[in-house]
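Student: After the sequence you'll find the predicted model.
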Amino acid sequence: DAGITQSPRHKVTETGTPVTLRCHQTENHRYMYWYRQDPGHGLRLIHYSYGVKDTDKGEVSDGYSVSRSKTEDFLLTLESATSSQTSVYFCAIKGTEDTQYFGPGTRLTVL
Amino acid sequence: QQQVKQSPQSLIVQKGGISIINCAYENTAFDYFPWYQQFPGKGPALLIAIRPDVSEKKEGRFTISFNKSAKQFSLHIMDSQPGDSATYFCAASLQSNDYKLSFGAGTTVTVRA
């Protein structure tokens, strides 16, 4: 699992509340990514980071923000959760070659 | 728009049979094409990957065939086993674009014993 942990693993929240998901890696990788997985869409990139304090938007970034103050941690924040953000969220790191390795995921339900 | 299109959405194969999943891509600049395997409740795991200068790559029972002129690539699972029952995703990325992956929608493979 390339030393990637995600927390929490499951979360239920209400519409309008802020939510922060955490991705932690132990191997000092430069690149980190947040994806969401929804049926029929595969995985879609939300935001990514190419270094401490260096982040950029992905394909579906609206309603999400990220921060990376340390190499090992990459946080994804839903500023005001909506039901359309109910999904499974995966963090990934870029390892050797061009390969990305994924964490175990966080299942988020917004009621 | 979806940069990688994957088919079929699902398939059922008998034990010992061959599973074939196809993907087509739009961006001719893509330079890395991985396949991921995902079991329920788990994150995607890299299965096998290929670069566009190679037409075929084999690892055990899994083979990628790559057709650069047609902008297509496929995964063949030989001698399919019940343990291969999973969802498979093709993807593509570009080193100069920060290695960001574009995924196909996924194929659920069921291997019947």
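Tutor: Structure's in. What do you need? Numbering: from 1, shown residues only, chains lettered A, B, ... in the order given.
Student: need the residues of chain A near chain B, please.
Tutor: By the rule Cβ under 8 Å from any Cβ of the partner chain, the part of chain A lying against chain B is A:1, A:31, A:33, A:35, A:40-45, A:48, A:50, A:56, A:58, A:90, A:92, A:94, A:97-105. (Glycine included, C-beta is placed from N, CA and C.)
Student: of those, buried ones?
Tutor: By neighbour count, with 16 or more other Cβ atoms under 10 Å in any protein chain shown, these hold A:31, A:33, A:35, A:41-45, A:48, A:58, A:90, A:92, A:94, A:98-103, A:105 as buried.
Student: what distance separates the helix or strand hosting A:H47 from the centre of its chain?
Tutor: In this structure, A:H47 sits in strand A:42-51 according to DSSP states H and E. Chain-centre distance of strand A:42-51: 7 Å, with Cα atoms, centre = their mean, to the nearest Å.
Student: Can you classify the residue sitting furthest away from the middle of chain A as helix, strand or coil?
Tutor: Within chain A, the residue lying farthest from the chain centre (Cα atoms, centre = their mean) is A:E97, at 21.5 Å. On the three-state scheme (DSSP: H, G, I helix; E, B strand; the rest coil), A:E97 is labelled coil.
Student: which residues does it contact?
Tutor: Contacts for A:E97 (Cβ atoms under 8 Å, 6 or more residues apart in numbering or on different chains) come out as B:Y32, B:A49.
Student: neighbours around B:D31, how many?
Tutor: 17 (other Cβ atoms under 10 Å in any protein chain shown).
Student: what's near enough to touch it?
Tutor: Here B:D31 is in contact with A:D98, B:R51, B:P52, B:S93, B:L94, B:Q95 (Cβ under 8 Å, 6+ apart).
Student: swap in A:L45?
Tutor: The contact partners of A:L45, by Cβ under 8 Å, 6+ apart, come to A:Y33, A:W34, A:Y35, A:G58, A:E59, A:V60, B:K100, B:L101.
Student: Leaving aside the residues adjacent along the chain, what's closest to residue 9?
Tutor: Here I'm looking at chain A. Among residues not flanking A:R9 along the chain, A:T106 sits closest, at 5.9 Å (Cβ to Cβ, 6 or more residues apart in numbering or on different chains).
Student: ah, no, chain B please
Tutor: That would be B:T107: by Cβ to Cβ, 6+ apart, it lies 6.4 Å from B:Q9.
Student: wait, isn't the one you found in contact with B:L11?
Tutor: Yes: in terms of Cβ atoms under 8 Å, B:T107 counts as a neighbour of B:L11; the distance is 6.5 Å.
Student: So which of the contacts of B:D31 wins on neighbours?
Tutor: B:S93 (23 neighbours).
Student: sorry, back to before: just the local confidence number for the residue nearest to B:Q9, please.
Tutor: For B:T107, the pLDDT comes out at 97.
Student: Same question for A:G40.
Tutor: Taking A:G40 on its own, its pLDDT is 85.
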